[in-house]
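Trainee: next input, structure requested:
(chains A, B, C and D)
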4 protein chains.
Amino acid sequence: MDRLCIGLIGGGFIGRVHATAFQMVKGFFADKVKDVTFKLIADKDDYSAQKAASRVGIDDWTDDWHTLVEDENINLVVVAVPNFLHKELALEIINQHKNIFCEKPLALNAEDAKQLYEAARKAGIVHGINFNYRKTPAVLLVKSWVKEGFLGSILSFRISFTQDWALDSDIPLDWHFQKKFAGSGVLGDLGSHAIDMARFLVGEIKEVTGRLSTHIEERPLVDFPAQGSPKTGKVDVDDICNVLLEFDNGAQGNMLASRVAQGRKNHFEFELYGTGGSVLFDWEQPNEVHFCSTSMRKGQNGFTKILVGGEDHPYGNTISPMAGMGTGFYEPFVIQLFEMIDAILNHRSMQPNFYDGWKANQAIDAIIESAKTHRWHSIA
Amino acid sequence: MDRLCIGLIGGGFIGRVHATAFQMVKGFFADKVKDVTFKLIADKDDYSAQKAASRVGIDDWTDDWHTLVEDENINLVVVAVPNFLHKELALEIINQHKNIFCEKPLALNAEDAKQLYEAARKAGIVHGINFNYRKTPAVLLVKSWVKEGFLGSILSFRISFTQDWALDSDIPLDWHFQKKFAGSGVLGDLGSHAIDMARFLVGEIKEVTGRLSTHIEERPLVDFPAQGSPKTGKVDVDDICNVLLEFDNGAQGNMLASRVAQGRKNHFEFELYGTGGSVLFDWEQPNEVHFCSTSMRKGQNGFTKILVGGEDHPYGNTISPMAGMGTGFYEPFVIQLFEMIDAILNHRSMQPNFYDGWKANQAIDAIIESAKTHRWHSIA
Amino acid sequence: MDRLCIGLIGGGFIGRVHATAFQMVKGFFADKVKDVTFKLIADKDDYSAQKAASRVGIDDWTDDWHTLVEDENINLVVVAVPNFLHKELALEIINQHKNIFCEKPLALNAEDAKQLYEAARKAGIVHGINFNYRKTPAVLLVKSWVKEGFLGSILSFRISFTQDWALDSDIPLDWHFQKKFAGSGVLGDLGSHAIDMARFLVGEIKEVTGRLSTHIEERPLVDFPAQGSPKTGKVDVDDICNVLLEFDNGAQGNMLASRVAQGRKNHFEFELYGTGGSVLFDWEQPNEVHFCSTSMRKGQNGFTKILVGGEDHPYGNTISPMAGMGTGFYEPFVIQLFEMIDAILNHRSMQPNFYDGWKANQAIDAIIESAKTHRWHSIA
Amino acid sequence: MDRLCIGLIGGGFIGRVHATAFQMVKGFFADKVKDVTFKLIADKDDYSAQKAASRVGIDDWTDDWHTLVEDENINLVVVAVPNFLHKELALEIINQHKNIFCEKPLALNAEDAKQLYEAARKAGIVHGINFNYRKTPAVLLVKSWVKEGFLGSILSFRISFTQDWALDSDIPLDWHFQKKFAGSGVLGDLGSHAIDMARFLVGEIKEVTGRLSTHIEERPLVDFPAQGSPKTGKVDVDDICNVLLEFDNGAQGNMLASRVAQGRKNHFEFELYGTGGSVLFDWEQPNEVHFCSTSMRKGQNGFTKILVGGEDHPYGNTISPMAGMGTGFYEPFVIQLFEMIDAILNHRSMQPNFYDGWKANQAIDAIIESAKTHRWHSIA
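Mentor: Now for the predicted structure:
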């Protein structure tokens, strides 16, 4: 395939991030994406599609996603809509033999996720999923150390992803707070990123046990309710989640996800302890990795703060040519979109993909089950 | 009681810390401890007792702890010996109607701990336990905020206590690595501090589930083995431990304890999230509390780094009269020893005491059980 | 003016940053830059121009900058070439009545800089200069606090900009190390950013005194020297610079610039102390501002770490819609290029501009003089 | 000399710190200070002496310092009174052939300081001065690296010492704010520590130039003024001070001292850049040194956070036997008092001593002069 035309479904915050990232791909990798274009934005509601299209500089938009999916010029569709819509859209896109890049979590549950994964695999298309944090240059650096054995065998892993926006009880009962639309609460939203990071850096998860709780149990209805009818509705998903993890390779871990953690805005941090060394990472300083090796000399042993960038580090020749320059939120989106395009143009598979999406949904389901049974659940 | 004479059993590292702390008590609280003396050091082996006595400036020492316990001038005994000796010594001390301050964990298991607690209570003596991290001025400040309701209801709590010394496989199979002497591994050693901190700041623990693992399973025997006999022995306790916590008040938490975490020297940190605000604490910066309130103004909401010290903070009139002066490892020992003396002189009870020791042992036992059954266990 | 066509002169590292930033402008502000195009890259050497053009996705390139400057379709020229070329190019661009955005420092000395400023002013074109750090959202937030009087009167200011690349003695004697090509050393390179930041946040500088030193005094010649001729040449500019500043408003300050500071990659930090509050900023964490107000309540007074982003903060509706998302190196370039375009399209002046460039060159000259005379020098 | 009896003059905050430190010396170094006693406290006003004596556990006190100085049992006098009293007291103590440990700055000016140094030298007594920050274990570690050449040649040095208490305009015109009593303002108070640290780590200072300013120029009189007379008086010393330093060895440096830096409580930080490596230190984390060596491997080069403590570090066998334990404000006082006692008992000289006090006073005087002449001044 020489030419590639990308269509986007979803004109909200995250949809615009993908569209902006595409412009940046042209900035960073111009010579490799010469013939790639970004064409259509679809959204359920025409005003939003038009506005979103305008904001990202695209002339062509539609309010009917079928139009986009059936457009024969389009061969990659980015799906950036609420969780409950993924299944229908993805199946149709796959059915049209188009390549697909889907927001996380892949589906409302593992069964649906597996169905999507198998459909994509059978169709032979390139499929990817938006676990963007994997693509942070600092995280890619850590991954390279893990692969080279530089950290030895991983013994333990701790990960947290916390935010505080849901402490505001005025935030209405939108799709994020309803199981039928979101599948789960903070577990699927932030926890899915943490689960994927655990798999990426440590390996497959064998068993989990978790605890879920909901701090704010009633929220205002989104639509103005009729006179006399209730003005609030019930939140039936979690906003705090603590989990223990057991990995196939014997490492153990723990995970916290919360959207009611006052003061945390987008706090994604992990600690990775191996027999050869340790790594600390915190998204609030996305350009830093803190690393301690068992081979450091006595009396000078401690965590070294490594500023990521430059030719010795991932994407140091393109995105971040100088240590300490600093990458932000968009760069990982740029990298993953570039890798997706590159995979399509060169007939390779994309990492992470729907398989990873399915594994994350499996872990989510097992955690939800374990919270009910008060037992560990294995991930089949 | 006007006069107080303190005897110490145990001349190792932590025994010397208690002895040094006593000198500091005289520095910080001289007018309140005029008639308090520190007299005897006992240890199992006379060289160590003599050496330890000399190092802390005490003329009087014995190699037989019975001598100390039976000395009628002594009315407070500090027990700083390995875990497996606590029970016998404590029962004898209580039997002699002497006040007692004991190292943690209180006993090898909850049953023994309960026996000690009940004996101490019935005897009417003052009993205390060395959960020294509670007495860090910064932690006392956090506790005062919790009590005043400044943080609202606690929603979640995360705590880690990690070190790296046990990664060294040359460290021999001393009592720390044997269940019959230590009761458990890092769980009882570092985890007991974390459990106590959880109870202190959040409240009673209702249920736990945990996972334990042992990285180095064989270690060199301490004593030179006879020719032909094995040179190493089996470690039968944990060196990594992850736990989920459910509290009586509905808060949930997670805890990590490890002594194989490369780069961590004495890393004791927690995050406390309430409906009114959050607190971060890290022992590597023992003079700082990071605090974020829900009442901070929009756009300026974030964690404030508060340097502890001065008249607005706990012990700011004695130990740390100026913010930013800095307290270290010894100050919490000074505070607890002062409070212990003060409790005896004023016929009050000490906090924390053998009850808290028992509760920690209960949690430890429940965690060990849960790691076997793969279920949550409640703390009776 | 409705249509805008941008030409770039200089295909090196910083030229490519400007080109990439333009792609990002289309991502973030698509609806406002619909009719803006980026057309030509010129460079002295055709291979570089072609390669640079290819890397940023531009078809049109030339190896003769006159072609670009004389192209009647182009109405904004970005000058990203070594310092010694600025004057000739800028005068020609201004002469052609084209708008201009120039790299810093504006010129080799204040006299030349003044000439450029006056030429630009008389020509009535829009002129801007690349003091990109000003445009960091976190810095814009600090500036807004200064303007609103939130920090009271500024009492003192400390700023450092340090890197370590010049510690490598193998780096050849390129234009950076020669006065005739660079004007000065780290003073003009990094110091000019620090001087501009001081003026931006505190106000006009009245007097300076400084000290310059050169650690590595000989470097390998860039071109292979003829047999028998010297292989190294003399560095005649500074690589460490310390300066005291006195401002018109009575504030005092100090500044450090160094490119031989081991471990510093791009470390740009400042402290601003006012009668109403203080601010700390460090480019290694470009998304954070640390703020302490005199109005904070007793016992809870300290620096609050504010994660920049979201609707309450500068460019929070476009570039960084969520606190904690994180911006990196490119975002400030995006903002300044957008503001430059916006100024041209709306017939406004750009901030900062050649006046600011001239003022920085004045400060540089005065510092160099003061280092010779060992006296303070005023900035005329 | 076998026996040593210490007398203290001054019962204020810093006097009590010295007295408490003595108790700690007995805790940490008991076997070495068996025959050392702490006997008398003198103060100008009897209530304070009595109270201070009581607070530090000393029975013997007097309100007449002559009594203490003439007491033949006393052979070390600690002088902890305001600056303007140092000269008279020190001369008398030296005259009595007693060893002396004096608060900083040594005198009101370099001339007086020189007189004290020469008197002490001629008398052959042991003399020491309270530059306590030198004795922080972390700083001693840095010093050992400098001595071993581990950091190569020092190129540049930056130091700040800032506090915020003097921003409060209600603080009265006590001796700190009057030249006749204090010699200078923040320059002598905090700046003297910074100057000493610069000399300790980098070497002798050759030349200086500085700028002084006073934010609050009038303060309430300490004593209730008579009716009709003025209620405030004039502050005639500095509260902000910026200085450039040139060292004998060619290194250059800059220094900031301020007591009107909102949010800073006791912020003493420095950066030391050598040809072999760099060091960062910040008293807010007194147990940490951040170190970057030029020999670190590519791509993993950065500052390593070293937690000080344990056998590989200074005083790791006594005061801080475990990395990460944490030392605070008192430990450096303990170390210097122990070293002072040790010097007396073993007939060695103490470091730092009155020579160092004199050199600091010379730098202070030169900075004050330079602020008047707007020129660099050499340190004779």
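
Trainee: which residue packs closest to the residue nearest to the spatial centre of chain A, ignoring adjacent ones?
Mentor: Of all residues in chain A, the one closest to the mean position by C-alpha atoms, centre = their mean is A:Phe131, 2.7 Å from it. The spatial neighbour of A:Phe131 that comes closest, neighbours along the chain excluded (C-beta to C-beta, 6 or more residues apart in numbering or on different chains), is A:Asp196 at 4.2 Å. Bear in mind the C-beta positions are built from the backbone N, C-alpha and C, glycine included.

Trainee: what is the burial count for the closest residue to chain D within the stretch 51-200 of chain A?
Mentor: As assessed by C-beta to the nearest C-beta, chain D sits closest to A:Leu141 within the stretch 51-200 of chain A, at 8.1 Å. Neighbourhood size, A:Leu141 [other C-beta atoms under 10 Å in any protein chain shown]: 23.

Trainee: ok, it - contacts?
Mentor: Counting by C-beta atoms under 8 Å, 6 or more residues apart in numbering or on different chains, A:Leu141 makes contact with A:289, A:306, A:308, A:313-314.

Trainee: secondary structure element holding it?
Mentor: Take DSSP states H and E as the rule and A:Leu141 turns out to sit in helix A:137-147.

Trainee: just the buried residues of that helix, please?
Mentor: A:137-142, A:145-146 (16 or more other C-beta atoms under 10 Å in any protein chain shown).

Trainee: C-terminal to it, what's the next element?
Mentor: Downstream of helix A:137-147 (by DSSP H and E), the next one is strand A:154-162.

Trainee: for the helix or strand just after that next one, which outside residues touch it?
Mentor: The element immediately downstream of strand A:154-162 (helix or strand, assigned by DSSP H and E) is helix A:179-182. Here helix A:179-182 makes contact (C-beta under 8 Å, 6+ apart) with A:82-84, A:108, A:175-176, A:188-189, A:236-237.

Trainee: kindly report the same for stretch A:112-125.
Mentor: With C-beta under 8 Å, 6+ apart as the criterion, stretch A:112-125 contacts A:86-87, A:90-91, A:94-95, A:97-100, A:102, A:105-107, A:127, A:353-355, A:357-358, A:360-362.

Trainee: what's the angle from the host helix or strand of A:Glu339 to helix A:137-147?
Mentor: Per DSSP H and E: A:Glu339 is located in helix A:330-345. If you take axes from the mean of the first three to the mean of the last three C-alpha atoms, to 10 degrees, helix A:330-345 sits at 60 degrees to helix A:137-147.

Trainee: packing partners for helix A:330-345?
Mentor: In terms of contacts (3 or more C-beta pairs under 8 Å, 6 or more residues apart in numbering or on different chains; DSSP states H and E), helix A:330-345 is packed against strand A:4-9, helix A:13-28, strand A:76-79, strand A:99-102, strand A:127-129, helix A:137-147.

Trainee: pull that helix out as PDB, backbone CA atoms only.
Mentor: Provided in PDB are the C-alpha atoms of helix A:330-345 (Å, rounded to 0.1, in the frame of the first residue of the first chain):
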ATOM      1  CA  TYR A 330       1.100  14.600  22.400                       C
ATOM      2  CA  GLU A 331       4.400  12.900  21.500                       C
ATOM      3  CA  PRO A 332       3.300   9.400  22.500                       C
ATOM      4  CA  PHE A 333       0.200   9.900  20.300                       C
ATOM      5  CA  VAL A 334       2.500  10.900  17.500                       C
ATOM      6  CA  ILE A 335       4.600   7.900  17.900                       C
ATOM      7  CA  GLN A 336       1.800   5.400  18.000                       C
ATOM      8  CA  LEU A 337       0.100   7.000  15.000                       C
ATOM      9  CA  PHE A 338       3.300   6.900  13.100                       C
ATOM     10  CA  GLU A 339       3.900   3.300  14.100                       C
ATOM     11  CA  MET A 340       0.300   2.400  13.000                       C
ATOM     12  CA  ILE A 341       0.900   4.100   9.600                       C
ATOM     13  CA  ASP A 342       4.300   2.500   9.300                       C
ATOM     14  CA  ALA A 343       2.800  -0.900  10.100                       C
ATOM     15  CA  ILE A 344       0.100  -0.500   7.400                       C
ATOM     16  CA  LEU A 345       2.500   0.800   4.800                       C
END
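
Trainee: what's the spacing between that helix and its chain's center?
Mentor: Distance of helix A:330-345 from the chain centroid (C-alpha atoms, centre = their mean, to the nearest Å) equals 14 Å.

Trainee: and the contacts of that helix?
Mentor: Counting by C-beta under 8 Å, 6+ apart, A:1-2, A:4, A:6, A:17-18, A:20-22, A:24-25, A:28-29, A:32-33, A:36, A:75-76, A:99, A:101, A:126, A:128, A:130, A:132-137, A:315, A:319-320, A:348-351, C:24, C:328 sit against helix A:330-345.

Trainee: measure the nearest residue to A:Tyr133 once chain neighbours are set aside to A:His267 for me?
Mentor: Leaving aside its sequence neighbours, A:Tyr133 sits nearest to A:His193 (C-beta to C-beta, 6+ apart; 5.4 Å). To A:His267, A:His193 is 12 Å away according to C-beta to C-beta, to the nearest Å.

Trainee: any common contacting residues for these two?
Mentor: With C-beta under 8 Å, 6+ apart as the test, A:His193 and A:His267 both reach A:Phe161.

Trainee: which of these two has more neighbours?
Mentor: Between A:His193 and A:His267, counted using other C-beta under 10 Å, A:His193 has the larger neighbour count: 23 against 20.

Trainee: the more buried one and A:Trp165, how far apart?
Mentor: 16 Å.

Trainee: low pLDDT regions in the stretch 1-150 of chain A?
Mentor: Residues of the stretch 1-150 of chain A meeting the criterion pLDDT under 70: A:1-2.

Trainee: show me what from it comes close to chain C.
Mentor: Contact residues (C-beta under 8 Å from any C-beta of the partner chain) of the stretch 1-150 of chain A with chain C: A:13, A:19-24, A:26-28, A:30-31, A:33-34, A:54-58.
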